[in-house]
Each structure stands twice: as C-alpha cells, then as structure tokens.
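Student: next comes the sequence, and after it the predicted model I'd like to discuss.
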Amino acid sequence: MILRYAIVVLLCSALALPGSGQMSYGGIPASFSLLKKATLLSVPVIEMESVDNNQLLMNERSDPNNLKSFHFAKGFNLDISPNYSGQWTVNENMKIWRLGLRSKGAWSINLIFDKFIIPQGASLFIYSKDHSKVLGAFTSDNEQSSGYFSTYPIPGDEIVVEYDEPLKSLYAGELHISSLNHDYKNVFGTRPLGESGLCNRDVYCPDAIPYATEKQAVVDLIIAGRELCTGTLVNNTSQDKTPYVLTAGHCIENASDAQQTVFCFNYESPTCGNGESSLNGYADQTLTGAILKARSDSLDFALIQLETPPPAGYRPYFMGWNKSAVIPTSTIAIHHPVGDVKKVSKDNNPPTIGSYNQDFTPGSFWIIGRWDIGTTEAGSSGCA
C-alpha cells in the first residue's frame, strides 16, 4: 500500500528533472561570562583546505546525472575529538572545551558528529565567531540511537564548538566530529529570498490558503549537511501518528543519510509576498535523525521514521494517503524549491500516468503536463 502512494508522492522529484533531535534547551556557553580572562581570549582554530565556490558551481552545472535534489555544500572529512583537539579550560565547577573551525569563503558551516554521548549536566554549543548566532544547548536529551548528531548551518566561514562539562560529572562525554560542510551557494548565509521561480506561491497567498492544514505536513530536509530536499509527514493505517516522512529515494539513499538528516518544520513566509518581497521565516523548529524503513531505486521513494516525534508546538499534520490508481482531477505540490520558504504549486488538470526513463519502473509516475500555478525545482524532490 505504501509503495503505490509513494508513486504519487514522488511526482515532484520525477517531473522536476530536465532518540532525540535538534531541539535545543537554551542557556549560554560557559565561556561567554569569562571572556575577560586571558586564558579564554584565544581559541585554537583548524582551517579547511581552500575551496573555490565558483568552480564548484561550474562543476555542478556540467553534471548530467544530478536529479532534483539541491546540493549546496562541499563536505570535508574530519577526525576531531576533545581527547586530542582544541583547548580545555577549567573554571570553578566546570570544564570548558573549545575549538574554532574555519572554511574560508563558506557562506555557512554545518557539522556532523558520528559520536555524541553527553552526561547529564553537560552541554554542547556551536556559535559564530562574533557570538551573533548560537545553537544549543544540546544535552543528553539530544542523543540518537545511531550516535550521529547533525547541526543546522550557521552563517559565516568560521564557527566555534564549545562543550561544557561539570567537574563532578558521572562520566566523561564522548564527542567526535566526522565532517564539516562548506556552503558554496549562499543558501544559509546572506542569500536573499526569491531565488525560486517567481511563479511559485507563498503558503499564505490566497491560492494556497485552502491548504493551510496540509502545509503543516511538509518539512525541509538538510541531508548529511550537503543536500536539500522536501519531505512529507504521513500517517499509517492505524492512524497513530507514528512520525513517518516520505521523500525521494535519490534524496535518502541509505540508512546513514536518514541518520544524518536535519528536518526543519514551518520554514515559511508569514505573508504573501513571493520572490524578493517574501518575508523570511524562522528556521528554529528542527529535529535531527531518522530511521530508514523502506526505499526503492526503481520507484524513487524513501520512507523514514523520525527518531523524535515532532512536538505539539511544531503543529505537525500527518497527511492521509490511499492506494487508488484513479486519476485525480487536479494536483497540488507543497515544497521548498532551491531551499526557499515553503511554496505551493497547482495544476488544475488531471495528470497522466507514464514513465520517466529506463532507470525507473515503467508506468509508475504521475505526469504533470503543465503547472497552472508555480513549478517544481531543485529542492522540491520528495514533496507530496
């Protein structure tokens, strides 16, 4: 049953071709109140090798196999742990570990931890060099069954990682940073809104208002810190709101991708502006990590289960589905084209059933002849 629905849900990705989570628990890094002390004025910095943003963009344009996921970052493999990197400082009842990470020219930076074990009372923070943006505190409540922990991007090309642990902690935390991702497209830096097609409608525009409930099922996916797609919360036949997310198979290719994905809820403009006149939305309602439940290359779908159910404050909606092959009279897509705020596209005519190419099961896709409102773009992959 799920597979037949997956064929419908992956409409966007086909036709667009030519534990715990990220929730933080507040607080202030221990070092912020000690900045006047000489021992805390400097932080050791590890610098990544040089990156040519323009060359990366040119290489991407020449890639004929790129589906409609949206690649925005270059990854660097790292081997960083408080056991042998960075700087420890002891202050009263707290041990403070800090390390700076720089990737020159990056519009934003995000990190992947492949080991994240924190005792109660300890906290992890990640912040910009000037302290203007702070993520955290992340605590033992953020641990995942996989051991992975992925962070939301911070604007700028230098960040600081800080781990604060009580001297009388029951055990020492275990942290390991396995990768840093360099944003070369200005997706999470200073990029203005409106880079998706002007024909797309913000979700608060009159065309989209009838779908105000359904839009709450749509989430923005940051996969392994380097790729953007769209996913949709779906209910199951028990209707118990198990937090399943349906997306494209070329977005989530394996269990590791699911474990390293950040899910951003309610990233949308609060007004109807479209293009550069759109107001930016908040991107602070996030969760991290999921379990791969099912996937198919030939149908290009992936079904994953969030490690943490979305809290009520995120206002989640679990989309219904069925296995009918009856052709609908019209179609709606709610998505995040090129990582923009949530958009709505609409085709007022019935789709047709057809094939995409030899890599996919014949006759397994709904084909949109022409969108009447909006379109789908890179980043729309996986939307319902």
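Tutor: Yes, it's here.

Student: going forward, measure contacts and count neighbours with C-alpha atoms only.
Tutor: Fine.

Student: which residues does the residue lying closest to residue 158 once chain neighbours are set aside form a beta bridge with?
Tutor: The shortest distance from residue 158 to any non-neighbouring residue, by CA to CA, 6 or more residues apart in numbering, is to residue 102 (4.2 Å). Beta-bridge pairing of residue 102 under DSSP bridges involves residue 47, residue 158.

Student: dump the residue contacts of residue 102.
Tutor: For residue 102, the contact set (CA atoms under 8 Å, 6 or more residues apart in numbering) comprises 45-48, 157-159.

Student: local confidence estimate at it?
Tutor: The confidence metric pLDDT takes the value 98 at residue 102.

Student: from residue 147, how far out is it?
Tutor: Distance, residue 102 to residue 147, by CA to CA, to the nearest Å: 24 Å.

Student: kindly report the same for residue 290.
Tutor: 12 Å.

Student: these two - which one has more neighbours?
Tutor: Remark: of residue 290 and residue 147, residue 290 carries more neighbours, 30 against 18, as counted by other CA atoms under 10 Å.

Student: residues in contact with that one?
Tutor: With CA under 8 Å, 6+ apart, residue 290 has these contacts: 258-261, 304-307.

Student: switch the cut-off to 6 Å
Tutor: When contacts are counted by CA atoms under 6 Å, 6 or more residues apart in numbering, residue 290 is found next to 258-259, 305-307.

Student: can you check residue 200 too?
Tutor: 343, 374.

Student: change it to 7 Å
Tutor: If you count contacts by CA atoms under 7 Å, 6 or more residues apart in numbering, residue 200 has them with 343-345, 373-375.

Student: ok, now residue 342?
Tutor: Residue 342 sits in contact with 202-203, 267-268, 334-336, where contact means CA under 7 Å, 6+ apart.

Student: and which of the residues you listed is nearest to residue 109?
Tutor: residue 267 (19.1 Å; CA to CA).

Student: count the neighbours of the closest residue to residue 285 other than its chain neighbours for me.
Tutor: With sequence-adjacent residues excluded and distances taken as CA to CA, 6+ apart, residue 285 is closest to residue 265, at 5.4 Å. Residue 265: 24 surrounding residues under other CA under 10 Å.

Student: for residue 265, list each beta-bridge partner.
Tutor: Bridge pairing for residue 265 - DSSP bridges - gives residue 219.

Student: does it touch residue 219 like I think?
Tutor: Yes: Residue 265 is in contact with residue 219 according to CA atoms under 7 Å; the separation is 5.0 Å.

Student: what's the distance between the residue nearest to residue 285 and residue 283?
Tutor: 7 Å.

Student: kindly report the same for residue 384.
Tutor: From residue 384 to residue 283 the distance is 21 Å (CA to CA).

Student: of these two, which one has the most company?
Tutor: The neighbour count for residue 384 versus residue 283, taken as other CA under 10 Å, is higher for residue 384 (30 against 15).

Student: what's the pLDDT at the more buried one?
Tutor: pLDDT, residue 384: 88.

Student: hang on, it packs against residue 232?
Tutor: Yes: under the criterion of CA under 7 Å, residue 384 makes contact with residue 232 at 6.3 Å.

Student: before we move on, back to that, most widely separated two among the contacts of residue 200?
Tutor: Most distant of those, by CA to CA, are 343 and 373, 10.4 Å apart.

Student: have a look at these two and say which one is more surrounded.
Tutor: Neighbours per residue, other CA under 10 Å: of residue 343 and residue 373, the larger number sits with residue 343, 28 against 16.

Student: and residue 271, how many neighbours?
Tutor: What residue 271 shows, counting by other CA under 10 Å, is a neighbour count of 15.

Student: alright, calling it a day.
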